[in-house]
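generate coordinates for the sequence data below:
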Amino acid sequence: MYLSTLRIRGYRLFRDSFEIGFEKGLTVLVGENGTGKSAIVDALRLLLLEDEYGRGGVSSSDFHRPIDQPAASRGGDRLELHCVLDDLDERAQAAYLPWLDIKNTRRAFLNLAVENREDQRGRFKRRIWGGESATGLFEWELLNAIVCAYLPPLRDANSRLGAYRGSRLARLLRSLGQRGLGEGEQHPLETQVNVFNRELLGDETIQRANKFVRDNMINALGTVLGQDAMIQFSEVKFERIVERLKLLFYPHLPQNGQGTAPALFRELDENSLGYNNVMYLATVLAELEDLDSSEVFVKIVLIEEPEAHLHPQLQVKLLGYLQNKAKLTGIQGIVTTHSPTIAASVALESIKVLTRSIDTDNPVVSSIKDCGLSAGTKFFIARWLDITKSTLLFARGVILVEGITEALLMSEFGRIVIGEGRGVGHNGDRSESLEDYGVSVINMGGGYFKHFMQLFAGHSLSDQSGSTRCDKIPVRCAGIIDCDPRKDSRPTASSPCDCGNPQYSLLARKLENHPNCRLFCNLKTLEYDLAMEGNNLQLMGKVLSRTVSTDGPIKRRALDLACSAWGDASEEAKSEEASWLLDHISRTKGEFAQLLAQELSEDHTVDFSVPGYLRQAILWAAGLS
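Residues are numbered from 1 along each chain as shown. As a prediction, the model looks like this:
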């Protein structure tokens, strides 16, 4: 039995009906800020009555308020939360009989509706019910058998693991300590503390202190009104003893079979915040794991930003631990993250991408596993979705490029194109860049566009017809692809050549007039097309001369390019020099691109033109065309 679906309507930024599915083990919610990840978690906390962090129920700000309404406006009339519990076995079906779906008895419903009307006590009218009908009696013990724990993004692990009533550590110890005890049976710790208290009273220092206190009480109040006093450990009940215990840490694990030296402990406030967060999470999972399965049917842990204070290697280890824990113990984990490291390390089946719809303010959820990935594409993306590429899961727009050259230069090209589009030219406001429009540039390291574009396509890119419909991430994805004709080809705008890239012609047919995915192709290759544009040969000749360490014919011809004006040169003249330049930077493309990017970054007045296919891709991915 697990939580399979949540439907939200009228809650916070979810004006319209919104539905999200969860995996039986681990589900990871990714996406840019403001797409509803935290609202989904809070909706689950509200529905499942998770209140460890003192949530006071519903507030007026929880009712959806359109962005064009004043902040003081009343908001929507009602909010609704509905969840589906799936895969109920026979025992669960018997227990949750009032909640069952009459069409599918392996499924149950839990619902909450809150009216935006306050009573005399300032509380909003709410109704909670199980099943499809809201008229029956609600059995609270069924809701209590769904245990939900929450770890917020800014966790204070030090205090949560400290010694106080109701601490996480105390809850875990109480749960473990009560297991196996008969009715009225005393826990061994209680016996030991009682024995220690009696021994304490025999200590000379304690006896003298007790006598001083008693004598002073008698002197102050007399023998009639006075009270006796005695020093001892105050709590002798197991429940109170564990509330006085706290977690300590040891900087190193024991080696060579040797035990940990008890004297080498440290207080948690001496530890790193990241390690304390991991300890806190481990304590929460231990508590959930130990819950009696005969009384608890669903165990859910909600974790916001598990990457807090963890370096990338620890993030990967932690997510692997969560995945294995969910698989082995049946604890369902729902995680929100802004970490590309986590997005890259988690199984594709676990990832849900939250985005803002192009057509409406309501968030949209896309399930990676439902994006029509073939077995080969799935394996490819899982292997290639490293930290850099995983930023596409958080982007408002995506540009896929074939190699390092495009990746190094695209940021500067974006600045130029966006600046010119705003009428400020090359030396415009530096803040206007691809990053400001939420566009991620992803280096494919080759022509693997069909695999990553499948995430955004909405129909299969693998079958011949391309008609199989599937889920998609609803953001713009531009693929910048080289035509790659024969090496000796010298195409021009007035005399292009036949494209030698079979991937382009195949994908172009399947993505024709696509609202989310488009391919942008050049005359030949990036460097050749750059050289064919405007006066670019001048700057490119200068950059090439910097890559040649010895004086000779190559350096001299490069300097000749740098000293000439090419704005009015013929296509034939440019194509000859562009072909020569391409031949002589083929072995140093990365260095050439880096130096060219440096020139463009340091001198915003330089005469440089971005080719049309790159211009179109940039403006389209940024939503400016």
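
which residue is the nearest non-sequential neighbour of residue 501?
residue 484 (4.5 Å; C-beta to C-beta, 6 or more residues apart in numbering). To be clear about C-beta, it is placed using only N, CA and C from the backbone, and glycine gets the same treatment.

contact partners of stretch 59-73?
Identification of contacts with stretch 59-73 by C-beta atoms under 8 Å, 6 or more residues apart in numbering yields 10-15, 46, 74-79, 114, 116, 361.

sort out for me which of these are in helices.
Of those, the ones assigned to helices by DSSP state H are residue 46.

are any of the contacts of stretch 59-73 buried, and which?
10-15, 46, 75-76, 78-79, 114, 116 (16 or more other C-beta atoms under 10 Å).

next, give me the two most distant ones among the residues you listed.
15 and 46 (17.4 Å; C-beta to C-beta).

only the buried residues of stretch 334-342, if you could.
334-342.

quick one: mean pLDDT for that stretch?
The pLDDT scores in stretch 334-342 average 93.

now do the same end-to-end measure for it.
With C-alpha to C-alpha, to the nearest Å as the measure, stretch 334-342 spans 13 Å from end to end.

identify all contacting residues around that stretch.
Contacts for stretch 334-342 (C-beta under 8 Å, 6+ apart): 22, 26-30, 33, 37-38, 40-41, 44, 153, 300-307, 312, 315-316, 319, 322, 343, 387-388, 390-391, 393-394.

so who does residue 371 touch?
Contacts of residue 371 by C-beta under 8 Å, 6+ apart are 454-455, 457, 470-473.

go with 10 Å
Applying C-beta atoms under 10 Å, 6 or more residues apart in numbering, we find residue 371 in contact with 348, 351, 353, 377-378, 381, 454-458, 460, 470-473.

residue 227: neighbouring residues, count only.
As a burial measure, residue 227 scores 8 neighbours (other C-beta atoms under 10 Å).

oops, could you answer that again for residue 136 instead?
12.

what does residue 127 give?
Other residues close to residue 127 by other C-beta under 10 Å number 11.

that one should be in a strand, yeah?
Yes. Under DSSP: H, G, I helix; E, B strand; the rest coil, residue 127 sits within a strand.

grab the nearest non-local neighbour of it.
residue 113 (5.1 Å).

what segments of the stretch 451-600 of the chain are helices?
Secondary structure of the stretch 451-600 of the chain (DSSP state H, counting those that start in this stretch): helices at 502-510, 526-531, 536-547, 553-562, 571-585, 589-602.

which of the ones you listed sits most buried?
helix 526-531 (a mean of 24; mean count of other C-beta atoms under 10 Å).

how far does that one sit from the chain's center?
37 Å (C-alpha atoms, centre = their mean, to the nearest Å).

do stretch 216-223 as well
Per C-alpha atoms, centre = their mean, the centroid offset for stretch 216-223 relative to its chain is 66 Å.

do the same with stretch 100-118
29 Å.

for that stretch, which positions count as buried?
100-101, 107-114, 116.

what's the closest of these to residue 406?
Using C-beta to C-beta, the buried residues of stretch 100-118 come closest to residue 406 at residue 107, 49.0 Å.

got a list of what residue 350 touches?
Contact analysis of residue 350 by C-beta under 10 Å, 6+ apart lists 22-23, 25-30, 319, 322-323, 326, 333-335, 343, 367-369.

what do you get if the cut-off is 6 Å, keeping everything else the same?
23, 26-28 (C-beta atoms under 6 Å, 6 or more residues apart in numbering).
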